[in-house]
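Undergrad: Using only what follows, build the 3D model:
(chains A and B)
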Amino acid sequence: MFHYLEEELEQLRTKIIKMGSLVEEQIEFSFRALFEGNLELAKTVMSRDDEVDKYDIKIDKLCQRIFALTQPVAFDLRLIMTALMINSDLERMGDIAVNISERAESLIGHNDLMKKMKVDIIANKVQKLIKMSIDSFVNGDAELAREIIKADSDIDRLDKDIFELLTNEMKSDNDLIIPCAHILTLVRNIERLADHATNIAEDVIFLIDAKIIKHSKDPKNLEQKDKL
Amino acid sequence: MKLEKIHTHDLNLYYGSNHALKNVSIGIEENKITSLIGPSGCGKSTFLRTLNRLNDTIDNVRIEGDVKIDGINIYDKNVDVVALRKRVGMIFQKSNPFPKSVFENVAYGPRINGVNKKKELEEIVETSCKRAAIWDEVKDRMNDSAMGLSGGQQQRVCIARALAVDPEVLLMDEPASALDPIATAKIEELMFDLKNNLTIVIVTHNMQQAARVSDKCAFFLSGEIIEYTSTTNMFTNRKHEKTQNYISGRFG
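TA: Next up, the predicted model:
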């Protein structure tokens, strides 16, 4: 159509990218707060959640305005729908970063236990997935998005392994029940982060390939690029 | 505080016994595009024509209330109507070029305003055609009849003709309703560029066009303004159910 719409869409893309960077940093800070026992950093994450929420509202309003004023079609329409969906995932990821930060205090002094329970491994893997999911949106890279969806099953497996490790640990030593319970909740939160990254990847595939693959059990959706 | 270019207060207009505009009070901001929407016969075009006194030419019209441009009531007895229409140009639904060359169409206004030097006229024609985004398409056809251009080109020549007398306000009465989507997009693009130096008031039946191009929007119904607000507000947070029903196409 004309440059007004182009400008609005560019503004929307920029806001999503900025919000994505902020949320990525919030998650990085929350993990550092957790593993370094840095409670100041944990507080920073909690106080900056307002900024994430402000992006959430701004993006919602911008999408509403673009829908109402420009009647977007095809790729433009998918971009706005994708922006709304990614916005919602990023906002939830921001909340999870706060939850992780809140748990940092309870787990001070339990670094060895966390390491034994492979918390650092799952956290690293999930952080990479989050970065990949935001990159896939920034670069419009559906292939990268497909890799994220495949990689999510590794996280699910790791999550199950950790659950087993934790229950065994709790059975073997009653004194570890409380820290293990904290770790159980923590790992559930980390696993949810990976689910949100996967949602973003599915949204990127919808944006680029115009194909809805969420809830799909068909592995073909991940093997080949669908024709428009 | 935004500058108001035009302000109407308790404006009433009667065609004989037909009360066509009822207590219309509205402030139209400078360097903005204001769209007037509403079903046929709601008074939006009548209102538009009160802004450069085009209704004066119709028999049996009675107008009460104020229409101020830059604070001066244009219905005052000492107002020069010809000078007013030079300041407040108008573009109609159907393009209406004169049966003359492209050059003579655009040069017409300046000529009757006393510009006679060829070089000066050529400069005005070129500048006006460039402002109307038609120059590249007509620069080699200046002596051809304007009637031979496409509908979209004719409409832009009419805009160039209006711009040639350097108006402050441009009134547009469904300027793109007879044009295809590409020609419509060109007119809309042009409006965006022009509003930097002009105040534009546009009547349109096309809700999408009102949403796309205007900064503020007034919804007329049965001669009254039902709602007047920013276009974003109008299309996202309308207050009145009648507005909702009209802009969503449920009536009209």
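
Undergrad: For residue A:26, see how far away residue A:47 is.
TA: The span separating residue A:47 from residue A:26 equals 11 Å under the rule CB to CB, to the nearest Å. C-beta: built from backbone N, CA, C; applies to glycine.

Undergrad: same deal with residue A:181?
TA: With distances defined as CB to CB, the gap from residue A:181 to residue A:26 amounts to 24 Å.

Undergrad: Where does the prediction get shaky in the chain?
TA: Assuming you mean chain A. Judged by pLDDT under 70, chain A has its weakly predicted residues at A:1-2, A:217-228.

Undergrad: wrong chain, I was asking about chain B
TA: B:1, B:252.

Undergrad: Which helix or which strand is home to the residue nearest the centre of it?
TA: Closest residue to the average C-alpha location of chain B: residue B:171 at 1.4 Å, with CA atoms, centre = their mean. Taking DSSP states H and E as the criterion, residue B:171 maps to strand B:169-173.

Undergrad: who's more crowded, residue A:181 and residue A:26?
TA: residue A:26 (26 against 13; other CB atoms under 10 Å in any protein chain shown).

Undergrad: Which residue lies closest in space to the more buried one, excluding its sequence neighbours?
TA: If the residues on either side of it in the chain are set aside, residue A:26 comes closest to residue A:97, at 4.0 Å by CB to CB, 6 or more residues apart in numbering or on different chains.

Undergrad: Now do the contacts for that neighbour.
TA: When contacts are counted by CB atoms under 8 Å, 6 or more residues apart in numbering or on different chains, residue A:97 is found next to A:23, A:26, A:27, A:29, A:30, A:45, A:49.

Undergrad: tell me what the helix or strand harbouring residue B:235 is packed against?
TA: Using DSSP H and E, the secondary-structure element containing residue B:235 is helix B:231-236. In this structure, helix B:231-236 makes packing contacts with helix A:39-70, helix B:207-213, strand B:216-221, helix B:241-247, judged by 3 or more CB pairs under 8 Å, 6 or more residues apart in numbering or on different chains; DSSP states H and E.

Undergrad: Can I get those in a markdown table including distance to residue A:113?
TA: Formatted as a markdown table, these follow (distance: least, CB to CB, whole Å):
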| stretch | distance to residue A:113 |
| --- | --- |
| helix A:39-70 | 18 |
| helix B:207-213 | 59 |
| strand B:216-221 | 63 |
| helix B:241-247 | 59 |
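
Undergrad: want to try TSV for the ones you listed, with distance to residue A:17 and mean neighbour count as columns?
TA: Formatted as TSV, these follow (distance: least, CB to CB, whole Å; neighbours: other CB atoms under 10 Å in any protein chain shown):
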stretch	distance to residue A:17	mean neighbour count
helix A:39-70	11	17
helix B:207-213	26	21
strand B:216-221	31	24
helix B:241-247	33	17
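
Undergrad: Mind checking those for the one nearest to residue B:143?
TA: When the helices and strands packed on helix B:231-236 are compared for distance to residue B:143 using CB to CB, the nearest one is helix B:207-213, at 33.2 Å.

Undergrad: Now do that closest one: everything it contacts.
TA: With CB under 8 Å, 6+ apart as the test, helix B:207-213 has contacts from A:1-2, A:4, A:68-71, B:33, B:35, B:37, B:176, B:184, B:188, B:191-192, B:202, B:204, B:217, B:231, B:235, B:247, B:249.

Undergrad: For ChimeraX, write the selection for the buried entries among those residues.
TA: Only the buried entries of the contacts of helix B:207-213 go into this ChimeraX selection, using 16 or more other CB atoms under 10 Å in any protein chain shown:
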select /A:4,68,69,70 /B:33,35,37,176,184,188,191,202,204,217,231,235,247
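
Undergrad: in chain A, which spans are helices?
TA: For chain A, the helices defined by DSSP state H cover A:3-36, A:39-70, A:74-104, A:111-116, A:119-138, A:142-172, A:177-209, A:220-223.

Undergrad: related to what we said a few turns ago, between the helices and strands packed on helix B:231-236, which gets nearest to residue B:58?
TA: strand B:216-221 (18.6 Å).

Undergrad: In terms of secondary structure, what does the closest one contact?
TA: Strand B:216-221 is packed against strand B:18-29, strand B:33-37, helix B:44-50, strand B:224-230, helix B:231-236, helix B:241-247, with contacts defined by 3+ CB pairs under 8 Å, 6+ apart.

Undergrad: redo that, cut-off 10 Å
TA: strand B:18-29, strand B:33-37, helix B:44-50, strand B:199-203, helix B:207-213, strand B:224-230, helix B:231-236, helix B:241-247 (3 or more CB pairs under 10 Å, 6 or more residues apart in numbering or on different chains; DSSP states H and E).

Undergrad: where does the stretch 151-252 of chain B come near chain A, residue by residue?
TA: Proximity of the stretch 151-252 of chain B to chain A, by CB under 10 Å from any CB of the partner chain, involves residues B:181, B:185-186, B:188-189, B:192, B:207-208, B:210-214, B:231-238, B:247.

Undergrad: Can you tell me how far residue A:152 is from residue A:123?
TA: Using CB to CB, residue A:152 is found at 15 Å from residue A:123.

Undergrad: Quick one: residues contacting residue B:51.
TA: With contact taken as CB atoms under 10 Å, 6 or more residues apart in numbering or on different chains, residue B:51 is in contact with B:6, B:8, B:11, B:28, B:67, B:69, B:74, B:84, B:88, B:90, B:169, B:171, B:201.

Undergrad: Could you identify the most distant pair in those residues?
TA: Spatial extent of the contacts of residue B:51 (CB to CB) is set by the pair B:11 and B:90 at 17.9 Å.

Undergrad: Excluding chain neighbours, what is closest to residue A:78?
TA: When the adjacent residues along the chain are set aside, residue A:78 lies closest to residue A:207, with 5.1 Å between them (CB to CB, 6+ apart).

Undergrad: So the one you found sits against residue A:82, correct?
TA: Yes - counting by CB atoms under 10 Å, residue A:207 touches residue A:82, with 4.4 Å between them.

Undergrad: Give the residues shared as contacts by these two.
TA: A:75, A:137.

Undergrad: Overlap of the contact sets of residue A:47 and residue A:26?
TA: Taking CB under 10 Å, 6+ apart as the contact criterion, the common neighbours of residue A:47 and residue A:26 are residue A:98.

Undergrad: thinking again about what came up before, ok, of the contacts of residue B:51, which one's closest to chain A?
TA: residue B:201 (18.7 Å; CB to the nearest CB).

Undergrad: ok, that closest one to residue A:46 distance?
TA: From residue B:201 over to residue A:46 (counting by CB to CB), the distance is 51 Å.
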